[in-house]
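Asker: no sequence on hand, only this structure:
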């Protein structure tokens, strides 16, 4: 009995030990599992943090990559959007990262324009202002080419060319100003000398005339008394006295004619001075008021839109000359083109660029050029001004025509056509010389007449000029008479070259008129 009890006791003891080891193992496994899962959560959290930092780093990298790509594009070395072929000698093949920057740029530019890219960064606003308000203002971004229309290197070259041209224009303007000033000084000197000579000669003639008149009156009085005394008894004496009296009257008439001739010469000198190149240029510069300006040039470069229309009294057929602007905003002296109005709307009009020219300082005239040719270095652009002193939107302009104009011709049909064309431009011709009979035609000049278009006197060889000497003489006398009337009414003389330059009339190639 005692042994049986002992065996049962040993059996239970083994079971207890086994259970104890099992429980301890289970607890250890649980603790190990717990610790393992706790480390896994920590690692996951660290991974998420790392991915978040990487995403932020990628966003920041993309922001700076975008800026680098844009700045490189504007500086003239845009990143390539595709890997190039075999590089040329001296060239370096693009790096993979460089190609990636170029490929990412179109999408980044769209995101930036939409306000998405870089908006969370402190430098977003200054970068946006730099790109959109400075870089893109000077050169728009071309999405099709994935680069600006012009790089800063190209812009600098254009600015250098413009500066060079402006310097050349300035030198030319200064030379012309100096030449005009010299001509003006010479003309004023000649005028003063002529005036002094005239004053001295007139005073001398007046003195001689008074002396001659006093002597003649004394002699007439003496002769008259002698005649009364003679009582007609001595016919030879009477005849002698009558001859002396006639001689005195003839001398008096001769003196009066001499004075009149001198006054005429002084008037001619004054007229030449008033219509000389310096004075004319000075007057023209003072009245060259722009009538409008170019607001758009068509892609063909042969048509444009101007900012005046039907509400301003504009009609089809009106012509203007086109001038660039100086630094002070005033029109440049030399025109670049002529335009003719084709279609008129309420506030704008479409014009055809009929004549593109360039001023030749050597030949002193305008040379026609092709609007699309390489010599057209100063094309018609937005902001150019329109000149035509004869076209007035508020009232009709009155003018007179005196002399032969080679760009019009001398036949009645040519003159009538010219007058009709002026009437289409709101201009009324008050007076002109009909070369068929040499007489003045038209209603006549008045205080309303603003300009007289100065042509040449006739020598009989001009096409359409009269061949009869009497008619030719009468025509030239009529031309002189118109200029005398113009001087009386204070009408400004306009040279043919100015008319052609500032009204937009195209100068025929056969014409010899120069500016």
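Answerer: Looks like it came in fine. Predicted model, so just to flag it, every value in this text is computed and none were measured.

Asker: low-confidence bits of the stretch 251-400 of the chain, can you list those?
Answerer: 259-260, 262-288 (pLDDT under 70).

Asker: tell me which residues in stretch 345-360 are buried?
Answerer: Of all the residues in stretch 345-360, those buried under the rule 16 or more other CB atoms under 10 Å are 348, 349, 350, 351, 352, 353, 355, 356, 357, 358, 359. Every residue, glycine included, has its C-beta placed from N, CA and C.

Asker: equivalent analysis for stretch 490-502, please.
Answerer: Those would be 491, 492, 493, 494, 495, 496, 497, 498, 499, 500, 501, 502, for stretch 490-502 by 16+ other CB under 10 Å.

Asker: could you pick out the longest strand of this protein?
Answerer: Taking DSSP state E as the criterion, the chain has its longest strand at strand 349-360.

Asker: tell me the one of the buried residues of stretch 345-360 nearest residue 223?
Answerer: Nearest to residue 223 out of the buried residues of stretch 345-360 is residue 359 (CB to CB; 71.8 Å).

Asker: any idea how far that closest one lies from residue 370?
Answerer: 16 Å (CB to CB, to the nearest Å).

Asker: circling back to that earlier point, who are the packing partners of the longest strand of the chain?
Answerer: Under the contact criterion of 3 or more CB pairs under 8 Å, 6 or more residues apart in numbering; DSSP states H and E, strand 349-360 touches strand 303-306, strand 319-323, strand 337-344, strand 365-368.

Asker: pick the most buried one from the ones you listed.
Answerer: strand 319-323 (a mean of 25; mean count of other CB atoms under 10 Å).

Asker: quick one: the longest strand of the chain to chain centroid distance?
Answerer: 11 Å (CA atoms, centre = their mean, to the nearest Å).

Asker: strands paired with it, and their directions?
Answerer: strand 303-306 (antiparallel), strand 337-344 (antiparallel), strand 365-368 (antiparallel) (DSSP bridges).

Asker: dump the ones you listed into TSV; add distance to residue 173 as well.
Answerer: Below are the strands paired with strand 349-360 laid out as TSV (distance: least, CB to CB, whole Å):
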stretch	distance to residue 173
strand 303-306	26
strand 337-344	19
strand 365-368	16
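
Asker: returning to that earlier point: inside helices: which ones of the buried residues of stretch 490-502?
Answerer: 496, 497, 498, 499, 500, 501, 502 (DSSP state H).

Asker: show me the contact partners of the longest strand of the chain.
Answerer: Contact partners of strand 349-360, identified using CB atoms under 8 Å, 6 or more residues apart in numbering, comprise 301-306, 308-310, 314, 319-320, 322, 334-343, 365-371, 375-376, 378-380, 504, 506-507, 515.

Asker: the inter-axis angle of it versus strand 319-323?
Answerer: For strand 349-360 against strand 319-323, the angle by axes from the mean of the first three to the mean of the last three CA atoms, to 10 degrees is 50 degrees.

Asker: quick revisit: out of the helices and strands packed on strand 349-360, the one nearest residue 417 is which?
Answerer: So among those, strand 319-323 is nearest, using CB to CB, at 14.7 Å.

Asker: just checking, what packs against that closest one?
Answerer: Packing partners of strand 319-323 (3+ CB pairs under 8 Å, 6+ apart): strand 337-344, strand 349-360, strand 385-387, helix 496-503.

Asker: try it again at 10 Å.
Answerer: strand 292-297, strand 303-306, strand 337-344, strand 349-360, strand 385-387, helix 496-503 (3 or more CB pairs under 10 Å, 6 or more residues apart in numbering; DSSP states H and E).

Asker: residue 186 is nearest to which of these?
Answerer: Among the helices and strands packed on strand 319-323, helix 496-503 sits nearest to residue 186 (CB to CB), with 20.3 Å.

Asker: now for the closest one, which elements pack on it?
Answerer: helix 277-287, strand 319-323, strand 337-344, strand 365-368, strand 385-387, strand 449-454.

Asker: the residue nearest the centre of the chain: what's it in contact with?
Answerer: Most central in the chain under CA atoms, centre = their mean is residue 324, positioned 1.4 Å from the mean C-alpha point. Listed by CB atoms under 10 Å, 6 or more residues apart in numbering, the contact partners of residue 324 are 169, 331-332, 334-336, 378-381, 383-385.

Asker: understood, closing this out.
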